[in-house]
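Have a look; sequence and predicted model below, questions after that.
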Amino acid sequence: MQLYRRTLALPGIRTLLVLVFFARIPATASGMVLTLHIAVTMDRGYGAAGTVGAVATVGIALGAPLLGRVVDRFGLRPMLVITTIGEAMFWLFARFMPFELLLVCGFVGGLLVLPAMSIGRQAIAALVPEDLRRTAYSMDSVSTELSFMVGPAAAVFVATQFSTQTATLAMAAGIVVVGAALFVVNPAVRSEAEKADTEKVPRRVWLTPRLAGVLLVGAGAVFILAGTEVAIVAQMEHNGDLSWTGVVMVVWSAASAVGGIVYGAMKRSVPQVTLMAGLALLTIPIGLAGGSWWVLMLAIVPAACLCAPTIASTGEEVARLAPAAARGEATGLQSSAFTLGSAVGAPLVGFVVDHGSPSWGFGVAGVGGVLVAGLAWVLAARQREPAPVS
């Protein structure tokens, strides 16, 4: 545990981890609130809810690197003012909007989503020296797992025990509280040494094939996770064990957190493509574990142990490869990669499950991950090739 003690002893890191954990809860709850409001309260069905979610996802993917550039040029606080006001206004008035207007405003709201995920990764790169970043990003991944355990559950509780209108108001209030807290604390997004370096670095210089491969691995990892989540629910329903789905999900998240803790304690990094390939290959055979819910739960554990390490490794690599002057945009691109991976993984696996069986869903998620790992390896190998002699 020496690496964890050293990391937590760094100035500002404990405050950052606690703050970012709470800041991510509204982000993890937003999808559930939006789905329940449109599908249940507005009675438009889950297809309509998915459409608004997809439009918002496109907005998030486009907005993340743009907001990152704002941080690079003007600092964190101006971006926080824009996103806090913008996202809070969306949630404040969402309960009054008809479906058509909600569809349009969902895109705008996505563009202005407060990027709590990116802020945490940027601040870790600024506060933590490179030899401890693996540990810090592992703790960050575990924190993200915990946020995803709390956020959706809280959204369901408020929406079902009160109303979805109350849930949208709670979202608006939560965004204001989170934005204000981040504004007051103002976590550093550059170290003291990096603040002196104001020279702009062209995108073509830092957005190399190697970094593109890192972003691709991030998208592929979330593709697997989103697809696996859909396949788990489908398999549990197929087995008649739907009531045990929450237990399986908790064990899945817990195993991922344990894997992240172990990875953070390692003194040497495991190659990112290796982690990605392992996650993908261990996902493929999960579908063979039919029968009882507890068999499926045990079959998920090996792959789950590689979830948090794979995600943590992408943060570590982005911080290493992107210059400080462009770190905001780079972490924004990382968030976009995560968002797009989820946007592709869930509907694709859902289509396969609808037209085949849940076991095929695990297979498609894993095979897709293997293909992404292979492409990322090719991109990394391409950059390692020596330049031709003229």
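That came through, no problem.

Would you map the helices across the stretch 251-390 of the chain?
272-283, 293-304, 307-321, 327-355, 358-384 (DSSP state H, counting those that start in this stretch).

Can I get those in JSON lines including mean neighbour count?
Every residue, glycine included, has its C-beta placed from N, CA and C. Shown next, in JSON lines, are the helices of the stretch 251-390 of the chain (neighbours: other Cβ atoms under 10 Å):
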{"stretch": "helix 272-283", "mean neighbour count": "24"}
{"stretch": "helix 293-304", "mean neighbour count": "20"}
{"stretch": "helix 307-321", "mean neighbour count": "25"}
{"stretch": "helix 327-355", "mean neighbour count": "22"}
{"stretch": "helix 358-384", "mean neighbour count": "20"}
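
mind checking which of those is nearest residue 249?
Closest to residue 249 of those is helix 293-304 (Cβ to Cβ; 9.5 Å).

For that closest one, name the packing helices and strands.
Packing contacts for helix 293-304, counted by 3 or more Cβ pairs under 8 Å, 6 or more residues apart in numbering; DSSP states H and E, involve helix 209-239, helix 245-265, helix 272-283.

starting at the chain centroid, how far to that helix?
Centroid separation between helix 293-304 and its chain, computed with Cα atoms, centre = their mean, to the nearest Å, is 22 Å.

for it, what is the average pLDDT?
Averaged across helix 293-304, pLDDT comes to 91.

Next, the angle from that helix to helix 245-265.
Note on geometry: by axes from the mean of the first three to the mean of the last three Cα atoms, to 10 degrees, helix 293-304 and helix 245-265 are set 30 degrees apart in direction.

Give the burial count for residue 251, as a bare number.
Residues near residue 251, counting by other Cβ atoms under 10 Å, number 16.

scratch that, residue 89
The burial count for residue 89: 16, using other Cβ under 10 Å.

what helices or strands is the one helix or strand it maps to leaning on?
Using DSSP states H and E, residue 89 sits in helix 76-93. Contacts defined by 3+ Cβ pairs under 8 Å, 6+ apart place helix 76-93 against helix 45-74, helix 99-111, helix 164-185.

The same query, at a cut-off of 10 Å, please.
If you count contacts as 3 or more Cβ pairs under 10 Å, 6 or more residues apart in numbering; DSSP states H and E, helix 76-93 packs onto helix 13-36, helix 45-74, helix 99-111, helix 116-127, helix 164-185.

Just the buried residues of the longest one, please?
By neighbour count on 16 or more other Cβ atoms under 10 Å, the buried set for helix 45-74 is 48-61, 63-65, 67-68, 70-72.
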